[in-house]
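Asks: Structure for the following, please:
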Amino acid sequence: MATSKSKPPRSANALVRKHQDIQRAQRRADANAAPARKTTRAVQAGVRVQPSRQPAEQLAKPGLEADLKLKPRFAAPGYVGSGKLAGMAAIVTGGDSGIGRAVAVLFAREGADVAIVYLDEHADAKATQAAVEAEGRRCLLIPGDVRRSAFCQRAVDKTVKAFGHLDILVNNAAFQMHAEALEDIDDERLDLTLQTNIGGYMRMARAALPHLPAGGSIINTGSRTGLQGSRNLIDYSATKGAIHAFTKALALNVIDRGIRVNAVAPGPVWTPLNPADKMPADVRKFGKETDFKRVAQPEELSPAFVFLAAPACAGYITGIVLPVTGSVAAI
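Replies: You can find the predicted model right below:
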């Protein structure tokens, strides 16, 4: 016995027609649309217009901020302190310039005394000290090499002696140098990158932890290169990925002590680090690849560090890597 084919219900037919009506309407819209134009204009979304171009300059390592033609912006004049870090004491490694300087200034504006750990950029360090003291807080300068355990211990001991306590450690010191191929990175250079960028972070954290109270925190500077890699920064990217993993592992290890550990992963930022690495032509276009179509200024990064350091803001946050990259696809 033959069976008749079942017919689709009227509601289904109506829905199919609706799908097709929408499709035809969109095709008409597509045909009439003007060609999409890809903008190269820098995006400005902050409280003041930031530079969208930087000169093609190059610095000798380790790179002095004082020698840059375009001075990085660190003062964050639109940021008003509210005592988020009142009475606290902090160490910022690599605090003489760049992100470290901007963080030190905002920590001071929020009420913290700050010790600046740096290699030997004395002119930059003194400028940072003056900026911190202008905020009404004390600033201690401690030059030395974070690859050395004894120095890291001395830096912490000097800070505790000067300020009476330690509440915040910001690991920010770094070495970066591009290479066309992994074969171009010899053992000496590999050791320098690893021992500065991840070894130094671990040594400073190890020295600081016995002094950090419940409510204290460690903030590590990661990088977008640790999230997505970088063709010409193989060893540097590897250390930044390690920093992100170290952040999460240490956060788990010390959470029962009430100590929080987080990281900020910046995108391209105008500091001495890149002009002391890249070729001048690459420096000129640095940051243009971001969705913001420009490099960030240090003052656009530093509020993220305040947020993570302040118990009033991030008392329930630990083990995160906060991307401040100027692009949507950060993670």
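Asks: which helices and strands sit right next to the helix or strand bottoming out on mean pLDDT in the chain?
Replies: Sorting the helices and strands of the chain by mean pLDDT, DSSP states H and E puts helix 280-285 at the bottom, at a mean of 79. In terms of contacts (3 or more C-beta pairs under 8 Å, 6 or more residues apart in numbering; DSSP states H and E), helix 280-285 is packed against no helix or strand at all. Backbone N, C-alpha and C define where each C-beta goes, glycine included.
Asks: buried sites along that helix?
Replies: For helix 280-285, burial by neighbour count (16 or more other C-beta atoms under 10 Å) applies to V283.
Asks: Which helix or strand lies directly C-terminal to it?
Replies: Elements were assigned by DSSP states H and E; along the chain past helix 280-285, the next helix or strand is helix 302-309.
Asks: Would you mind checking the average pLDDT for that next one?
Replies: Here helix 302-309 scores 98 as its mean pLDDT.
Asks: Not counting sequence-adjacent ones, nearest residue to A276?
Replies: Closest residue in space to A276, ignoring its immediate chain neighbours: G63 at 3.2 Å, by C-beta to C-beta, 6 or more residues apart in numbering.
Asks: Can you tell me how far that neighbour is from R147?
Replies: 18 Å (C-beta to C-beta, to the nearest Å).
Asks: Counting neighbours, go ahead and name the busier of these two.
Replies: Using other C-beta atoms under 10 Å as the criterion, G63 and R147 rank with G63 on top: 22 against 18.
Asks: low pLDDT regions in the stretch 101-250 of the chain?
Replies: For the stretch 101-250 of the chain, no stretch has pLDDT under 70.
Asks: Would you map the strands across it?
Replies: With strands called from DSSP state E, counting those that start in this stretch, the stretch 101-250 of the chain shows them at 113-118, 139-143, 168-171, 217-221.
Asks: Going by neighbour count, which residues in the third one are buried?
Replies: This means strand 168-171. For strand 168-171, using 16+ other C-beta under 10 Å, the buried residues are 168-171.
Asks: And for stretch 138-146?
Replies: Under 16+ other C-beta under 10 Å, the buried positions of stretch 138-146 are 139-142, 144, 146.
Asks: which residues touch R101?
Replies: 65, 72, 74, 95, 124, 127-128, 131, 298 (C-beta atoms under 8 Å, 6 or more residues apart in numbering).
Asks: one more time with 6 Å
Replies: 74, 128 (C-beta atoms under 6 Å, 6 or more residues apart in numbering).
Asks: now it: how far from A25?
Replies: On the measure of C-beta to C-beta, R101 and A25 end up 55 Å apart.
Asks: what about the helices in the protein?
Replies: 10-32, 98-109, 122-134, 149-163, 187-194, 200-208, 225-228, 234-254, 280-285, 302-309, 311-314 (DSSP state H).
Asks: Quick one: closest of those to G46.
Replies: helix 302-309 (10.1 Å; C-beta to C-beta).
Asks: number of nearby residues for the closest residue in space to V105 that isn't next to it in sequence?
Replies: In this structure, V105 finds its nearest non-sequential neighbour in A131, 5.0 Å apart by C-beta to C-beta, 6+ apart. For A131, the neighbour count with other C-beta under 10 Å is 18.
Asks: Please give me every residue in contact with L119.
Replies: P62.
Asks: And for G215?
Replies: G215 touches 258, 311, counting by C-beta under 6 Å, 6+ apart.
Asks: Quick test: name the residue nearest the centre of the protein.
Replies: In the chain, the residue lying closest to the centroid (C-alpha atoms, centre = their mean) is P266, at 3.0 Å.
Asks: Among the helices of the chain, show me which one is buried the most.
Replies: The highest average neighbour count among the helices of the chain, using mean count of other C-beta atoms under 10 Å, belongs to helix 98-109 at a mean of 29.
Asks: That helix versus strand 139-143: what angle between them?
Replies: Counting by axes from the mean of the first three to the mean of the last three C-alpha atoms, to 10 degrees, helix 98-109 lies at 150 degrees to strand 139-143.
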